[in-house]
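> Sharing a sequence plus its predicted fold:
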Amino acid sequence: MRLLQIGMGGWGRDWAATVVPEVPDVKPVGYVDMLPASLAAVVEAGIARRDLCFADIDEAIRATSPDAVLITANLPGHVPAARAALAAGLPVLVEKPFAPSIAEATALVEYAEERDLTVMVSQNYRFQPAVHAVREIVRDGTLGELVSIAVDFRRTGVRRTAPSGRPVLTDPLLGDMSIHHFDLMRAVTGREPEQVYCRTWHPDGFGYGGPPAGAAVITFRDGPIVSYRGSWVSSGPVTAWGGEWRMEFDHGEVWWTSRPDGSESGVAESARIRADGKERAVALPELTATDRAGSLTEFTTSVREDWAPEATGRDNLGSLAITYAAIESALTGVPIDVAVR
């Protein structure tokens, strides 16, 4: 599959250098960024020749004849870039969050559906063994009904006098990180959110552009109530990136954690069941590809074989809805009903 990549900042270059090469049926044919410095960095990093770098999306499409588009730009560029690709008849894989509002996200999804084209969101945390194993436990019902979920995410912050890099984000916790955990809540339960009550805070001495810590209570339709705590500035032991989960059922509990980084947390990808006074490990499935490579593999395979991938734009509206409801609740101090048009 001939792939055109749009958005070549630091994160985009990381995709190009470390993720795309992991997927053998993808051939990168061009790179787009409106900033000359970003394109220069692509060339300097040895990712591509200068003649494969473009400042204009339409020009890049004409010159490279891609089969699909990968969007790794900053959030404001997601919808314009996706619309340009869809207008040219190309399916799209886009980084999360895929739109700055539910209204814009819905309009983009409808635009793609009118053209019978795929828009998939790279919710890469879904493509981890423990997530697949736990989702199957929920589905098979052997532990009874799912009653409640508790999720903790902890990272150790660095005190700084001025923000730099990722910390300048307006919503460094909810919009950049917690969206992964909110999406996993939907993925493993198969349920949709109903209401969110969230509070965030900003400890002194941490140079973040917005609150780096928060807690939320999320109610799901016909399902469990979730208590969520997340922090970029915790003094406790760090969790794996996917967080630390405890899921209580009528007849037992499942404890699991996912997407470890090894070097920091030392927490392995794992899932355990505690029931009838006993505890046992859950066998984890082997996946063809994981994480971002899993997202890209899912996307390319679904386009080639013409089926709907995991985390389509339509499906991902629910994850966006939790995220933006949590942000609104944190700003207003009141519970927010989650609505997806």
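Cool, got the structure.

> Just list what the longest helix belonging to the chain packs against, helices and strands only.
For the chain, the longest helix by residue count, based on DSSP state H, is helix 313-332. With contacts defined as 3 or more Cβ pairs under 8 Å, 6 or more residues apart in numbering; DSSP states H and E, helix 313-332 has these neighbours: helix 102-114, strand 119-122, helix 179-189, strand 193-201, strand 213-220, strand 336-337. For glycine as for every other residue, the C-beta is placed from the backbone atoms N, C-alpha and C.

> any idea which of the ones you listed is most buried?
Most buried of the helices and strands packed on helix 313-332 by mean neighbour count (mean count of other Cβ atoms under 10 Å) is strand 119-122; its value is a mean of 28.

> got a pLDDT number for residue 192?
What the model reports as pLDDT for residue 192 is 94.

> So for residue 3, which of the helices and strands packed on helix 313-332 sits nearest?
Go through those one by one with Cβ to Cβ and the one that ends up closest to residue 3 is strand 119-122, at 13.1 Å.

> Not counting its own residues, what contacts the very next helix or strand once past that closest one?
Moving toward the C-terminus from strand 119-122, the next helix or strand (DSSP states H and E) is helix 129-140. Contacts with helix 129-140, where a contact means Cβ atoms under 8 Å, 6 or more residues apart in numbering, come from 125, 143, 146, 184, 187-190, 242, 245, 247, 254, 256-258, 269-271, 273, 282-287, 290.

> end-to-end on stretch 120-135?
Using Cα to Cα, to the nearest Å, one end of stretch 120-135 lies 20 Å from the other.

> tell me the mean pLDDT over it?
In the prediction, stretch 120-135 has an average pLDDT of 98.

> what does stretch 95-111 give?
96.

> Between the two ends of that stretch, how far is it?
18 Å.

> one step back: can you lay out the helices and strands packed on helix 313-332 as CSV showing distance to residue 17?
Shown next, in CSV, are the helices and strands packed on helix 313-332 (distance: least, Cβ to Cβ, whole Å):
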stretch, distance to residue 17
helix 102-114, 28
strand 119-122, 16
helix 179-189, 22
strand 193-201, 34
strand 213-220, 32
strand 336-337, 39
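
> hmm, back to that, angle of the longest helix of the chain against helix 102-114?
On the basis of axes from the mean of the first three to the mean of the last three Cα atoms, to 10 degrees, helix 313-332 is oriented at 180 degrees to helix 102-114.

> In helix 313-332, which residues are buried?
313-327, 329-330 (16 or more other Cβ atoms under 10 Å).

> low pLDDT regions in this structure?
Across the chain, the ranges flagged by pLDDT under 70 are 158-169, 262-266, 340-341.
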